[in-house]
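# Got a predicted model here, sequence first, then my questions.
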Amino acid sequence: MGDFLIRNISEAMKRDIAEAAQRSGNSLSDEAKELLREALQRKNAAKPETGSAYAAIRAAFEREDAVDDEFVAIMGEIEAARKKDFGRPFEDLE
């Protein structure tokens, strides 16, 4: 396992982590790892699920109750343009 050093933690935060470690019977580093793990789990659970561009466009059409042959035709045009553009080098933006 690797090491991870966090600098400039306030004394109050260090004290809070140390007190939590003592209450749970963990070492300071184990308590810090557990707090980080829990925070990451909460953050990942709160992330909205990312969908494809197709799903976003379809949702916009569904809101307007416009999912029919017109939608299929538009998506076909978008897909054809995407395939045509695939592999094209990027322009130099500088």
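The structure has been received and is ready for your questions.

# which stretch of helix or strand covers Val72?
Per DSSP states H and E: Val72 is located in helix 69-85.

# by contact count, what packs against that helix?
In terms of contact count using 3 or more CB pairs under 8 Å, 6 or more residues apart in numbering; DSSP states H and E, helix 69-85 is assigned the packing partners helix 53-63. For every residue, glycine as well, the C-beta is placed using N, CA and C.

# angle of the helix it packs on against helix 69-85?
Comparing the axes of helix 53-63 and helix 69-85 via axes from the mean of the first three to the mean of the last three CA atoms, to 10 degrees yields an angle of 160 degrees.

# And for the top helix by length along the chain, what's in contact with it?
For the chain, the helix that runs over the most residues, judged by DSSP state H, is helix 28-46. Taking contacts as CB atoms under 8 Å, 6 or more residues apart in numbering, the residues outside helix 28-46 that touch it are Ile6, Ile17, Ala18, Ala20, Ala21, Ser24, Asn26.

# and the helix holding Val72, which residues are buried?
Neighbour counts using 16 or more other CB atoms under 10 Å place Phe71 of helix 69-85 among the buried residues.

# Check the offset of that helix from the chain's centre.
Using CA atoms, centre = their mean, to the nearest Å, the distance from the centre of helix 69-85 to the centre of the chain it belongs to is 28 Å.

# The residue sitting furthest away from the middle of the chain and Arg63, how far apart?
Here the chain reaches farthest from its C-alpha mean at Asp69, the gap being 33.8 Å by CA atoms, centre = their mean. Distance, Asp69 to Arg63, by CB to CB, to the nearest Å: 18 Å.
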